[in-house]
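J.: the amino acid sequence is not available; the structure is as follows:
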RNA sequence: GUGAGCGUAGCUCAGUUGGUGGUAGCACCGGGUUGUGGCCUCGGAGGUCGUGGGUUCAAGUCCCAUCGUUCACCCCA
């Protein structure tokens, strides 16, 4: 019986690796410009880290984590918590009051896979810790926008504010009583949510709930003055930076730790999965994880699989980037020729060329075919005759011109011939 | 966890109301060219028709179960 990959994970084959490298290279380039430094983190963490940060009652913690129960260890379902753990553990705030960090890697959630959703997927995660100014919020979103548009991804930005411990409780009460008044028009889930997680009813997709919620009190009308001021500046800064956005007072985040600014970069091209990147502010989280008091923070995560899907899809007619081919292929005919070619290919590689050969002593036709398949620039044909005469046939695969090449001249001479 | 669709070669897929030997294209290998790739041409290899049971004289085709997978719900990157 063949062993296959488990449900919800995917192999990334060489043919599509170009997309991943493109994302990573572009991200690193842009993060560099914004002074955001890389941090590498473990995939395994104590289960407690996530139950404490993401929230006991969230779906992620309740039913989606891969946990080794006996060891109380969990495969991370997101990166933010790990990154903040490292920030606190190493006292990074002492070195630099505002830390700008990013990390790229896999995360794990036990959900049913579907388009744009896997059980192991990959995130580009960015966090700015230690700054509470609204300019930071806008800068981060502007950077996200820059990165996504550099990758030619067509997305829209939606923003909202979730208030803070000052103002959210009051809003929550208002919302609960509104939902209770409209109890009959809500779906079963939202009836249940009314008490437990009323905010979640705001982004319910059921038509009935959408209508019911339309006239619900708006969080944006119920912010305390500090939050209102903060959010106003965020918007003003986005305008200054030329970042287009729309307000979405129904946007709610699935993780408990968010407060104030939240945002999502959305697409309509990924089936049911709209969010390509999402994040927000989490001003109480660092302290909650045992870090210094009153340490604000904000960050976002981008879903790499979703970006790749979009790139492949939106690429459309554009021609595929040709994988760089080999510089040269040595077609060796006969045992002696192979003995000559083996060290010769090795020397070419030492000199920096991508050189290839075939050890199986196949027909010249087969080897030429192989050379063509490798998209080689040149093929050096070495058979018995050539060995005797000390002159190989060097074929330019692009224009089909053939010249003689003295085998005694050595690898460096060949390099200079084919690179000239 | 729930629902629907789909499982025929490495990939994309034909396969008619169940009725003789399992299609084709791409890719792979070889010949046509004593030693020259892409195009053409001829040939070759490659399959437990996901698996197990059932109905039938006869099942890739119908039924059931099971596994896998896709999409959607829930929720999320």
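T.: Received it, and whenever you're ready, just let me know what you need. Please read these numbers as outputs of a predicted model, since none were measured by experiment.
J.: helix, strand, or coil at the closest residue to RNA strand B within the stretch 201-350 of chain A?
T.: Closest residue of the stretch 201-350 of chain A to RNA strand B, Cβ to the nearest atom of the strand: residue A:254 (1.4 Å). All C-beta spots, glycine's among them, are computed from the backbone N, C-alpha and C. Here residue A:254 is recorded as coil under DSSP: H, G, I helix; E, B strand; the rest coil.
J.: hang on, isn't it packed against residue A:60?
T.: Yes - if you go by Cβ atoms under 8 Å, residue A:254 and residue A:60 touch, sitting 6.9 Å apart.
J.: so what's the residue of the stretch 201-350 of chain A closest to RNA strand B closest to, chain neighbours aside?
T.: residue A:58 (6.1 Å; Cβ to Cβ, 6 or more residues apart in numbering).
J.: residues in contact with that neighbour?
T.: A:254, A:255, A:256 (Cβ atoms under 8 Å, 6 or more residues apart in numbering).
J.: what about the stretch 301-420 of chain A, any weak spots by pLDDT?
T.: For the stretch 301-420 of chain A, applying pLDDT under 70 flags the ranges A:315-323.
J.: tell me which parts of it are close to RNA strand B?
T.: A:301-303, A:305-306, A:333, A:362-366, A:368-373, A:379, A:381, A:383-386, A:393, A:395, A:397-398, A:400, A:402 (Cβ under 7 Å from any atom of the strand).
J.: would you show me how to pick out the buried ones of the residues you listed in ChimeraX?
T.: Remark: buried members of those, expressed as a ChimeraX selection using 16 or more other Cβ atoms under 10 Å:
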select /A:301,302,303,305,306,333,368,370,371,379,381,383,386,393,395,397
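J.: what about the residue nearest to residue A:254, distance to RNA strand B?
T.: 6 Å (Cβ to the nearest atom of the strand, to the nearest Å).
J.: can you give me phi and psi for the spatially most central residue of chain A?
T.: With distances taken as Cα atoms, centre = their mean, residue A:304 lies nearest the centre of chain A, 3.0 Å away. Residue A:304 has phi and psi values of phi -70, psi -40 when expressed as degrees, to the nearest 10.
J.: could you give the number of residues near residue A:105?
T.: 16 (other Cβ atoms under 10 Å).
J.: err, residue A:229, not the other one
T.: 12.
J.: helix/strand/coil for it?
T.: helix.
J.: do you know how far it is from residue A:167?
T.: 12 Å (Cβ to Cβ, to the nearest Å).
J.: got it, and residue A:226?
T.: Distance from residue A:226 to residue A:167, by Cβ to Cβ: 8 Å.
J.: which one's more surrounded, those two?
T.: residue A:167 (21 against 13).
J.: who's in contact with the more buried one?
T.: Residue A:167 sits in contact with A:222, A:223, A:224, A:227, where contact means Cβ under 8 Å, 6+ apart.
J.: what of residue A:391?
T.: A:404, A:405, A:406, A:407.
J.: and these, which is closest to RNA strand B?
T.: Distances from RNA strand B to the contacts of residue A:391, taken by Cβ to the nearest atom of the strand, are shortest for residue A:404, at 10.1 Å.
J.: those residues of the stretch 51-200 of chain A touching RNA strand B, which are they?
T.: A:58-60, A:78, A:109, A:111-118, A:121, A:123, A:189, A:193, A:200.
J.: mind doing that once more with 10 Å?
T.: A:54-55, A:58-60, A:62-64, A:77-80, A:107-125, A:187-190, A:192-193, A:197, A:199-200 (Cβ under 10 Å from any atom of the strand).
J.: hmm, back to that, element containing the residue nearest to the residue nearest to the centre of chain A when sequence neighbours are not counted?
T.: With Cβ to Cβ, 6+ apart as the measure, residue A:122 is the residue that lies nearest to residue A:304, at 4.0 Å, once sequence neighbours are left out. Secondary structure from DSSP states H and E places residue A:122 in strand A:120-129.
J.: list the helices and strands that strand packs on?
T.: Applying 3 or more Cβ pairs under 8 Å, 6 or more residues apart in numbering; DSSP states H and E, one finds that strand A:120-129 contacts helix A:17-33, helix A:80-89, strand A:99-108, helix A:134-150, strand A:297-303, helix A:304-315.
J.: just name the most buried of these.
T.: Mean neighbours per residue, mean count of other Cβ atoms under 10 Å, is largest over the helices and strands packed on strand A:120-129 for strand A:297-303, with a mean of 24.
J.: for that strand, give me every contacting residue.
T.: A:78-80, A:83-84, A:116, A:121-131, A:136-137, A:140, A:144, A:147-148, A:261, A:263, A:265, A:273, A:275-283, A:285-286.
J.: again with stretch A:375-383
T.: Stretch A:375-383 is contacted from outside by A:322-334, A:337, A:340-341, A:356, A:364, A:367-368, A:371, A:392-398, A:405, A:407, A:414, A:418, using Cβ under 8 Å, 6+ apart.
J.: next: stretch A:410-420.
T.: Counting by Cβ under 8 Å, 6+ apart, residues outside stretch A:410-420 touching it are A:327-328, A:344, A:347-348, A:350-353, A:377-378, A:380, A:394, A:405-406.
J.: state whether residue A:344 is indeed within a helix.
T.: Yes - Residue A:344: assigned to a helix according to three-state DSSP.
J.: which helices and strands sit right next to the lowest-mean-pLDDT helix or strand in chain A?
T.: When each helix and strand of chain A is scored by mean pLDDT, DSSP states H and E, helix A:188-196 comes last, with a mean of 78. With contacts taken as 3+ Cβ pairs under 8 Å, 6+ apart, helix A:188-196 sits against helix A:168-181, helix A:198-201.
J.: so for the first one, what gets flagged as buried?
T.: Taking 16+ other Cβ under 10 Å as the neighbour-count basis, helix A:168-181 is seen to contain the buried residues A:168, A:171, A:172, A:174, A:175, A:176, A:178, A:179.
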